[in-house]
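Novice: just a sequence and a predicted model for now, questions to come.
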Amino acid sequence: MLSEYVLLCAPYRFEDNFLMKLSQRRIEKELYSAIMSGVTVVTRPMIKLGLRNNFDIVDKDSLLREVTNLQEGKYQNFSDVEAVIANVEDTHIQSLYQKLFDMTKGRGVQGFDDCRIIDTLTKAYTGKLLTETEFQELFDQQTERIQASYDSWEQYLASCVLGKLVQVAQPSFTVTTQEEFVMAIYGYCIAPMNVFAQSTFWPDHQLEKLGLLLAELLGMDYHQDRAEVQAQQVDTSSYDHVELLSEELVEKMSKLNFMPSDLDLDRYDYLTQLAETVLWQPIVDSGLEWLFKLKKGEQDSLLMPKEFTGLQAAQLYWVCYEDYKDLYDKNIFGMINGTVGLKVLLTEKEVYRIDKKFLFKKVTVPIPWKEVRLVATVDLDFGVTMTLNGKKVFDTLKAPDYTLIGMTEEELNQMDNKVRKALETELSQQLTEVLAGIPTRLFEFTGKK
């Protein structure tokens, strides 16, 4: 689900590479998506841990309780924020706090609680504590109230900052620090693209006054920081369309004498978006990503341009990609690697089966998506296999890390055989359904271009 109102929790989603110019699709993925970008079977438990540690949220009922507490300001351990400001010993800091308060136009620290409400709701939805219908109902209620409470992004964000500055909270790895939170909002103020200008519910999205105030509070130079960010845009102008490669992938590729410039950077952003939307995110949304996290070693059979299933898989994707330059314009967003080499290329219009011929020659055989039948079989001992139109093309050859779904090896071995077979059958059907939906998602994705 995409909504401009997710921007209300943008302070919790800031990343340093937002200081580069962002494509519209990147803004939507990172800042409009109710489900947090890049969530995996590894990160989802961490999101739920944060909800439990910070608010004791473990289910829908406890979520509703905490949303009510935040809305009613029950975590504000003071009755008069101006009295708190008056007690700040450093007179210069006190004056900056007062200026922030004035920017809030009487809302005080309410913005901080409202920001936490939207952040908490999206995290609860990402963590599957809410169904889509439950989330939508709560989200609409809260965003309608919040929209009516402010008239500009400056007012709202100033209230967010002020609330964080006067917050009293025990330090924890799941709690965003004051510096991190304020620096995130400052980052949005100096970024080359004002992401809040994308929203329609508060037409006033000017952030310069807030940026100047935060710079003084942080001991920074607003104009210098803005100039440096703009200079970086010039230095990287030829890569504006590229979602930055991770340092880990660049390092791994460099060991094979691959440099970022050797990759198909013209298509990198598009291919990663295509792979995530059409293939990986549906796997995640179905709760099946753990099948591609193996107990021993990295998964190297389902290959995509980004390290969704691991660094090794992304590295192997780009190594294999070089061999199919004649198919670049087909947009190869995924590959299936069999036990003895590459078996299948997944592209926008067709699937290419790779057949071996005499003297080790390979032939790519195009199959229109409407004629493709991919069937998955899950075995908790031996992993996932897939067939393409009846021919085996995929085999992880290793057991998935079922501890990621709270199951131990002892529990698996003690499981009744009928129950186990039923579980494997259910998982096989779910994954097959995800694969069967690829053509529809491709049509929807490419139809928006």
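Specialist: On my side now, so go ahead.

Novice: and Pro366, that's in a strand?
Specialist: Yes: counting by DSSP: H, G, I helix; E, B strand; the rest coil, Pro366 is part of a strand.

Novice: number of nearby residues for it?
Specialist: Look at Pro366: counted by other Cβ atoms under 10 Å, it has 14 neighbours. The way it works is simple: take the backbone N, C-alpha and C, and place the C-beta from them, glycine included.

Novice: how about it, nearest residue that isn't a chain neighbour?
Specialist: Glu350 (4.5 Å; Cβ to Cβ, 6 or more residues apart in numbering).

Novice: now what about stretch 92-105, what contacts it?
Specialist: 81-82, 85-86, 88, 108, 110-111, 151, 154-155, 158-159, 161-162, 165-166, 209-210, 213, 216-217 (Cβ atoms under 8 Å, 6 or more residues apart in numbering).

Novice: swap in stretch 129-147?
Specialist: 1, 3, 5, 8, 34, 48, 51, 57-60, 63-64, 67, 71, 114, 117-118, 121, 124-125, 156, 201-202.

Novice: now the buried members of the residues you listed.
Specialist: Taking 16 or more other Cβ atoms under 10 Å as the criterion, what is buried in these is 3, 5, 8, 34, 48, 51, 57, 63, 67, 71, 114, 117-118, 121, 124-125, 156, 202.

Novice: which stretches of the stretch 301-449 of the chain have low pLDDT?
Specialist: 339-340, 357-361, 397, 448-449 (pLDDT under 70).

Novice: now the helices for it?
Specialist: 311-321, 409-414, 417-436, 438-447 (DSSP state H, counting those that start in this stretch).

Novice: go on, the stretch 51-200 of the chain?
Specialist: Using DSSP H, counting those that start in this stretch, helices in the stretch 51-200 of the chain cover 60-71, 81-86, 91-103, 110-126, 132-149, 153-165, 178-190.

Novice: apart from its neighbours in sequence, what residue is nearest Leu51?
Specialist: Closest residue to Leu51 apart from its sequence neighbours, by Cβ to Cβ, 6+ apart: Ile57 at 4.1 Å.

Novice: pLDDT score for the one you found?
Specialist: The model reports Ile57 with a pLDDT of 93.

Novice: mind checking how far it is from Gln429?
Specialist: 32 Å (Cβ to Cβ, to the nearest Å).

Novice: could you do Pro305 as well?
Specialist: Counting by Cβ to Cβ - Pro305 and Gln429 are separated by 28 Å.

Novice: what does Gln414 give?
Specialist: For Gln414 relative to Gln429 (Cβ to Cβ), the value is 24 Å.

Novice: got it, and Ala169?
Specialist: 45 Å.

Novice: show me the protein divided up by domain.
Specialist: The record's domain split for the chain, according to automatic domain parsing, is 4-235, 247-447.

Novice: what ranges in the stretch 151-300 of the chain fall below the confidence cut-off?
Specialist: For the stretch 151-300 of the chain (pLDDT under 70), the answer is 170-174, 232-266, 294-300.

Novice: let's see it at 90
Specialist: 166-180, 191-195, 197-199, 203-204, 227-273, 281, 283-300 (pLDDT under 90).

Novice: please, where are all the strands along it?
Specialist: Per DSSP state E, counting those that start in this stretch, the stretch 151-300 of the chain carries no strands over any range.

Novice: one step back: any idea which of the helices of the stretch 51-200 of the chain scores lowest on pLDDT?
Specialist: helix 81-86 (a mean of 88).

Novice: list the contacts of it.
Specialist: Outside helix 81-86, the residues that touch it by Cβ under 8 Å, 6+ apart are Phe78, Gln94, Tyr97, Gln98, Phe101, Gly108, Val109, Leu162, Val166.

Novice: what does stretch 417-430 give?
Specialist: Contact with stretch 417-430 is made by Ser286, Leu288, Leu291, Ala376, Thr377, Val378, Asp379, Leu380, Leu412, Met415, as judged by Cβ under 8 Å, 6+ apart.
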